[in-house]
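Asks: need coordinates for the below:
(2 chains)
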Amino acid sequence: MALTLTCPVCGKRNGYEFRYGGEEKGPRPDEADLTPQAWCEYVHMNKCVAGIQKEWWCHKDGCGVWFTTHRNTTCNLEVDTPEAQS
Amino acid sequence: MKRLENLPTLRIHPEKTLRFEYRKKKLKGLSGDTLASALYANGIRIFSRSLKYHRPRGLYSLDGESSNTCMQVNGIPNVCTETTLLADGMQLEPQNISGSPEWDMKGFMDNLDWAMPAGFYYRSMHKPARIWPIALKQVRKAAGLGKISPDFQMPGRYDEIYPTADVCVIGGGPAGMSAALAAAEQGLRVILLEIRPWLGGFFDYRTADNGNGTSLAQSARQMAQQVEQNASVRVFTHTTVVGVYNNNLVTAFQKGRDGDSFEERYLEIRATSVVVASGCIERPLLFDNNERPGVMQIGCAQRLAHTYGLLPGKQAVFSIGHDLGLEAAVDLSDLGLAVACVADIREDGQDPVLLAALKERDIPFLRGWVATRAQGSKTLNKVTLATKTGTLTKEFACDLLVASAGMTPLTGPLSLAQAKLAYEPYTGFFIPKQLPDKVQVAGRMLGLNSPASIEASGQLAGVIAAADCGKSVEGRLQEARAQLNQLPGPDQGCKLVTAPVQGRKTFICFDEDTTIKNVKQALEMGFDATELIKRFTAAGTGPGQAGIPGHNLPLFVAQYHGDTQATAMPTTMRAPLVGTFIATYAGSNHDMCKRTPVHESQKNAGGIIRRIGVWERARYFSEDLSCREEIENVRQNVGLLDASTLGKFRLWGPDALKALQRVYVSDMSKIADGKVRYSAMCNDDGCIIDDGVVVKKAENDYYFTTSTARAGATVEWLRYHTRYDGWRFHMVNLTDAFGVINMAGPNARKVLGKVTDADVSDAAFPYAGYREFMIQDTIPVRSMRLGFVGELSFELHVPSSYMQTLWDILLDAGKAFGIRHFGLEAQNVLRMEKAHLIIGSESEQRTTLHDVGLGFLWDRNKSDAKTVGAVALKQTENQEDRLKLVGFKMEDPSRTPKDGSLIVDSRIRGHVCIARHSFTLKEPVGLALVDAPLAAEGTRLQIYEDECNGQHLHATVVPTPFYDPEGKQLKM
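Replies: All right, here's what the predicted structure looks like:
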C-alpha cells in the first residue's frame, strides 16, 4: 500500500498499521427528537469526496490512538496542509 | 564450445563446473553462467518454438525481453533462462515443441500464416456459433507456452522484506551508482536496485576507454566497489523492479543466490525520493525473419563474449544504428570474430574514431544500409542487406547477424510512477514531459551516450534527490549542474522503424508472433490507436511485456497514419513490469496463532486441537465427535473447560463508567458489589456484536469479559465510540495475561471446596456472584458463578503463569468426583440445550438485540449516555418482518439437520443456527433464525438440507431453554 499516515503519537507510519474509521462527521447527535432520517444520515451517509477529506484513523498496530487527518482520495495520499490545497 | 580466456570482464568462474540436464542430456556449464549462456556454450541455438507459427527461436537479448528463451526449469514453466543463474543439477526442457526444437512437428504452421490474420480467432471461429465450442478446445490446446501439472507444488522458500530508505535508485549502472554515491555523500540512506547479478550496467562488459586511460569495465568495477563499501548504500543485485506507486513506494523481487535463505524475495521499499536510472535496451530492427536464431542484439553479442567468454559466431554481419554497434564490431573482431560487413542505418553522425578502427581492420562499412532479410531455414546462414529505399541489395554468408535499430529507454518505472511520456524528436526516445514529485531521471535514458555525461547526470540526480529529502545542497547542486552542462549532451537517435520489406515475416512482437503485416491488417480494419492495436494483435502482451514491441509499435502506427512520430504515444505499462512468481508475492505465509497456557496439557490428555479464529483450542477429547461422554459427565459429575481465550479487560479512571454506558446496552451504573452483570454490546444499527459480564472491582475500576472473537477489537471499539468526548479512562487488554477455567457440573463446589479455604457455599457465593480468593493459599483467583453450560459452575480467572498449576490442582482434587476435561464441542451442545447464545452462531450481521430475545438487557432510559445502538434499537424494536431466534424439535428424532440448513416454504424463511442430538433430552434439538411469522410456538418448519433432493425435514417451534427451564441446576 502506498499510503502513509502520520500518527500524532508515533509519527509517519506505513498505511498497513492503521484502520480506517470513516469520514469526520462530528460528535454523536443528541437522542432527544432525533428522527430516523437524521440518524441514518449521521451513521450511514457519506460525502465520498473526490479530493481532500478529513477522516478518522486508528493506529491499530501501534499506539491504538484514534485521530483525524486529511487525505486526498483521488491519489490516496495524506495531505499536510489541507487549506493550501483545497 | 571453447571459452575465451583471460578477459578482465568475465563473470564466469572457469574453475567451477556445474552439471545440468537439457532434454535429459547431461551438459556442463560454469559457475556464473546463466541458463541461456550455458546452453549457448553447449551449442544450443534453437531454444524454443514460437507461440503460433512454431518458428525456431534463439538467443536474441540477455535481459529477458522476449519469451524466446523461456524454458521449463525443474518443473517450473516459463522460466526466463537469460536472467536465471545456472545451479548444479538443474533440469531444463524446451517449451512449445512437438518433437525437438530442431525438428518440430508443428513447424508447418509457419506456412499457414495466411490463415491466421490479426484477430482471426475473434472474427472467424464463432460463425456459425456451434463451431465455437470445438474451436475453443483447439485454441486452448494451442495457446500458451509452458505447461504445468495441476498438482505441481512450488518448491523453495520465499521471503519478503519492507525496507525504508531516503533515496531509492533504480538501476545499478554508471548513472545509478553515481546517483547513489552522491545521495549517500549527503548523509542519506540509499537503496540501490540492480536487475543483473552485479553492478556496472552497460559499462560492465566494455573495454572502450573512459577518457582517463582505464576501460569502462574497469571504472565500473571501481565504482561498484565504492558503492558496496559505502555503509549508507544498501545494494540489492539480481533484483527486478516490478512496481512503482505514488508516495514513492517501489516494489521489486530479488533472486536468491547460493547461501541465501530464499529462492526469491519480495521487496517493498518506501523511499522519500526515487532516482530512475534504468538505462536503455535496444530497439529491435524490423526486417524479414528478424528473429531467426543467429540474429541477436549488439549487447547480447558483446556480453556473450565479454561476460561469458563465448564468441557468439564465426562469421558476422552487423546491421546497426548506434555507435555501440560499431564499437561491438571492432571489439568482437579483435576477439576473433570475422566481420563480413557493418551496415549502419545512419547516413552520418558516427564516431570518427570507431570508423577509423573499422577501416584499420579492413571491415567493409556501408552507410545508410540495413538488413532486409535473414536467410536459413532454421538458423541463419545468409543475410541480405539493402539501402534504406531497397533499391540496391547485397548478400553475405554468415552465422551471426548483429541487428539493432538503436536504443530505447526503459521507462517502465517512470510510466508506473504516472510520468506522462512524450516523443522526443532528437533522440527518438519516449521520455517524461514532466516528472512526478520527488522522482528523478538519470543516465542513458536521457539519450546521453558519453560515459562522463552519464556519470555526471547520475550525480546531479543524486543531489536533487538529496534536496527532495530536505537536505540543503544549493552549492553542490550548482556544481553538479555546471559539470553536466559542459559535457556532451544527448546523441541523435536513429529513427528507422522498418527495413524496406513487405512484413509478412517481420516480427514486431516475438512472444505473440505478431508481424508488421498483422499490424497493418489491424490498422486497415480501423483500429487506429496503438492501445487498441496492441490488444487486437496481442503485440506486447506476452511474457516479455513490451520489451520487444514497446517502442516500435507506436512509431509504426504513427508512420502508417502519415503523422510525424511526435504524435506517437507509447502503450501504458502496468505492474508487475516483469513476470513474477505468485509464490514470490505470497511470501512465506507466516500463519500465526495463539495457544492457551494449558495447550500442551490438554493435548496430552487426548484433546483434538482445532484452529478457531486466532487460537488453537481443544475441540474434542475423544474420537467420538458427538462428545457424549464429555457432555454427560458435565451434567452428572463435573467437567473442566479451558476458556482462556475469552476477552478480558480492565477499565478504570474517572470516566470509566461513562465509557461502559456508551458501549453496553444495560445500565451499568447498577452493578452491585460482588456481583457480575451480564450485558451486550450493539453496533450503531442495534445489531448485537458482543456479550459478556462486567464486574465492579472498586470505584471507577471495572473488569469485564468479551467473547473470544471480539477480544482484539474491543479497545479500539471503546476508544472509537468515545473519541469526541475527551473522557479520562484507561484500558488494558488482559486477554493473554489471564487464563480462565470453567469448572462446571453438580460436583463443582465439592472440588473447589477441597482446594480453597474460602467459603464457596451457595449462601456465601451465590449464583451471579463475584469473589476473589486464594487457592491453596497461593494462587489468587477471580471467580464468577456463571451458568453458560447450565450447571453449577465456577469460572476461575488466574494470571496466566498460574494457569497450569491451577489446572493440575483441580484435576487432582476432582478425581474423587469424576472430573474430566470437556472441549468446545461439548460446551457448544451444553449451552445450546440451555439456549445460551454464541454471537456469530445465533446471530449474523443484521440480527438485533431484540431478534435474539435479549431485548430485556437494554435500558431505554439512559439516552444521555448516547449508547451505541440505542437509537436503532428504539426504531427496530417493533419492526415487522424481522428474523427471530427460536428453538425447535425434530418431527423425526432420528434426523438432526446440518448447521446452516435453510428454513423454507415457497421461499427462504430463515436458517438453522445450530442443531445437535441432545443426549440429555434424548432427541435432536436446535436453534434457528426464522421470519417473525414463523416464530410462534408450535409452528411447523420445513428444513431444506444440502443435497436433500427436495425431501424436506420437518421441525416444530418449541419454547426454550430445552434443559432445566427453571434454572435450578445452575443456581444449586
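Asks: so which bits of chain A are right by chain B?
Replies: Residues of chain A lying near chain B by C-beta under 8 Å from any C-beta of the partner chain: A:1-4, A:14, A:19, A:21, A:26-28, A:30-32, A:34, A:36, A:39, A:43, A:56, A:58, A:60, A:64-66, A:75-77. Just so you know, the C-beta spots here come from the backbone N, C-alpha and C atoms, and that holds for glycine as well.
Asks: which of the residues you listed fall in helices?
Replies: Of the residues of chain A next to chain B, the ones assigned to helices by DSSP state H are A:36, A:39, A:43.
Asks: and the next element down the chain from the helix or strand of chain B with the lowest mean pLDDT?
Replies: Lowest mean confidence among the helices and strands of chain B (mean pLDDT, DSSP states H and E): helix B:120-123, at a mean of 78. Scanning forward in sequence from helix B:120-123 by DSSP states H and E, the next helix or strand is helix B:132-142.
Asks: how about the helices in the stretch 751-900 of chain B?
Replies: Assigned by DSSP state H, counting those that start in this stretch, the stretch 751-900 of chain B shows helices spanning B:800-814, B:824-833, B:870-876.
Asks: and the first one, how far from the chain's centre?
Replies: Mean-position distance between helix B:800-814 and its chain equals 45 Å (C-alpha atoms, centre = their mean, to the nearest Å).
Asks: show me which residues of it are buried.
Replies: Neighbour-count burial for helix B:800-814 flags B:800, B:802-804, B:806-807, B:809-811, B:813-814 (criterion: 16 or more other C-beta atoms under 10 Å in any protein chain shown).
Asks: show me where the chain dips below the pLDDT cut-off.
Replies: No chain was given, so I picked chain A. Under the criterion pLDDT under 70, the flagged ranges of chain A are A:82-86.
Asks: then the stretch 1-150 of chain B?
Replies: Checking the stretch 1-150 of chain B against pLDDT under 70 turns up nothing.
Asks: in it, what residue lies closest to chain A?
Replies: Going by C-beta to the nearest C-beta, chain A is nearest to B:Gly64 of the stretch 1-150 of chain B, at 26.4 Å.
Asks: ok, that residue - how many residues close by?
Replies: 25 (other C-beta atoms under 10 Å in any protein chain shown).
Asks: pairing partners for the nearest residue to it once chain neighbours are set aside in the sheet, please.
Replies: The shortest distance from B:Gly64 to any non-neighbouring residue, by C-beta to C-beta, 6 or more residues apart in numbering or on different chains, is to B:Cys80 (4.1 Å). Note on B:Cys80: beta-bridge partners B:Cys70, judged by DSSP bridges.
Asks: okay, now A:Val65: neighbour count?
Replies: Using other C-beta under 10 Å, A:Val65 has 15 neighbouring residues.
Asks: what's the spacing between the closest residue to B:Glu772 other than its chain neighbours and B:Met569?
Replies: Of all residues not flanking B:Glu772 in the chain, B:Arg782 sits nearest, at 5.4 Å (C-beta to C-beta, 6+ apart). Distance from B:Arg782 to B:Met569, counting by C-beta to C-beta, to the nearest Å: 71 Å.
Asks: follow-up on the earlier one: any idea how far the least confident helix or strand of chain B is from the middle of the chain?
Replies: Distance, centroid of helix B:120-123 to centroid of chain: 34 Å (C-alpha atoms, centre = their mean).
Asks: which ones are touching the most centrally placed residue in chain B?
Replies: Centroid-nearest residue in chain B, with C-alpha atoms, centre = their mean: B:Tyr585, separated by 3.2 Å. Residues near B:Tyr585 by C-beta atoms under 8 Å, 6 or more residues apart in numbering or on different chains: B:Tyr266.
Asks: wait, is it part of a helix?
Replies: Yes - per DSSP: H, G, I helix; E, B strand; the rest coil, B:Tyr585 lies within a helix segment.
Asks: note down every partner strand of the lengthiest strand in chain B and its orientation.
Replies: Longest strand in chain B, counting residues (DSSP state E): strand B:264-276. Partners of strand B:264-276 in the sheet, by DSSP bridges, are strand B:158-161 (parallel), strand B:164-170 (parallel), strand B:249-255 (antiparallel), strand B:439-441 (parallel).
Asks: got the buried residues for that strand?
Replies: B:264-276.
Asks: what is the nearest of the residues you listed to chain A?
Replies: Minimum distance to chain A across the buried residues of strand B:264-276 is 7.0 Å, recorded for B:Arg270 (C-beta to the nearest C-beta).
Asks: may I have the beta-bridge partners of the spatially most central residue of chain A?
Replies: For chain A, the residue nearest the mean C-alpha position is A:Glu55 (1.5 Å; C-alpha atoms, centre = their mean). Under the criterion DSSP bridges, A:Glu55 forms beta bridges with A:Glu23, A:Thr69.
Asks: quick one: contacts for it?
Replies: A:Glu55 neighbours (C-beta under 8 Å, 6+ apart): A:20-24, A:68-71.
Asks: great, nothing more from me.
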